[in-house]
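Colleague: I would like the atomic coordinates for the input below:
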Amino acid sequence: MTPSPRNHRYCLIGAGHSGLAMAKAFTDLGLDYDHLEATDRLGGNWALRVYDSVHLISSRATTQYADHPMPSDYPDFLSAAQMLAYLTDYATRFGLDRRIEFGGEAVHVAPLDARGRAGWRVQLVQRPESRILAGGPELRRQVRRMRPAVRTLNTLAGLLAPARDVPPKASGQTAASHPSPAFQEVPA
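Modeller: The predicted model follows:
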């Protein structure tokens with residue numbers, strides 16, 4: 001017999017379009033969750049990783065959340081700034097932004113048992129209160145060089161991560177055990 005999902009605590013990694021949709025679904029279902037975002041703002045790629053001139057390649061009608069229509073004065077293909085404004089409004093409207101732990105970067109995720117049914121261990125970077133970091137690709141290298149302390153969440157029963165952050169499966173390996181350089185082995 002599988003235990004009820006309501007008896008577990010879940011962890012959402014990432015506060016972009018998909019992460020916010022999952023947070024809203026979990027909230028609607030009354031499921032307890034932690035919501036981690038590695039950066040200091042929500043919006044995912046729309047907040048940090050796109051050029052100002054980028055526009056959506058999917059239409060407004062197919063991109064909007066069913067319970068939060070995009071403004072009617074928005075064009076059919078939104079700019080990056082419009083998409084970010086839409087995501088921010090969505091998170092604020094439903095109180096999702098209050099649940100996000102900004103700066104909560106997961107550096108290692110591993111199941112507590114062979115099938116992940118006993119829960120997952122999620123290790124987070126503990127950043128110092130003040131730091132100076134360059135932007136762009138150099139940012140990750142600088143964070144790694146800081147050799148941060150890691151906080152571990154051991155009570156999580158489920159894990160969701162952005163698809164771009166899940167390494168491809170290798171034979172006999174789960175995504176969480178894949179030897180990716182993005183994951184750092186840190187003693188618990």
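Colleague: which residues in the protein form strands?
Modeller: In the chain, strands defined by DSSP state E lie at 9-13, 32-37, 100-102, 106-111, 120-126, 149-160, listed in chain order.
Colleague: Least reliable of those strands by average pLDDT, please.
Modeller: Mean pLDDT per stretch puts strand 149-160 lowest among those, at a mean of 45.
Colleague: So, low pLDDT: which residues of this structure?
Modeller: 1-6, 126-188 (pLDDT under 70).
Colleague: mind listing the helices in it by residue range?
Modeller: Along the chain, counting by DSSP state H, helices occupy 17-29, 45-48, 60-63, 80-93, 138-145.
Colleague: Just the buried positions in the first one, please.
Modeller: Applying a neighbour-count criterion of 16 or more other CB atoms under 10 Å, the buried positions in helix 17-29 are H17, G19, L20, A21, M22, A23, K24, F26, T27. All C-beta spots, glycine's among them, are computed from the backbone N, C-alpha and C.
Colleague: can you list these in CSV and add distance to Y86?
Modeller: Below are the buried residues of helix 17-29 laid out as CSV (distance: CB to CB, whole Å):
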residue, distance to Y86
H17, 9
G19, 15
L20, 10
A21, 12
M22, 17
A23, 15
K24, 14
F26, 20
T27, 18
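Colleague: Of the residues you listed, which is the nearest to H35?
Modeller: Among those, A23 lies closest to H35 (CB to CB), at 5.4 Å.
Colleague: show me what contacts that closest one?
Modeller: For A23, the residues meeting the contact criterion (CB atoms under 8 Å, 6 or more residues apart in numbering) are L12, A15, Y33, H35, A91, L96, R99, I100.
Colleague: would you turn the residues you listed into TSV with distance to R60?
Modeller: Formatted as TSV, the entries for those read as follows, by distance: CB to CB, whole Å:
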residue	distance to R60
L12	25
A15	21
Y33	28
H35	26
A91	18
L96	21
R99	26
I100	25
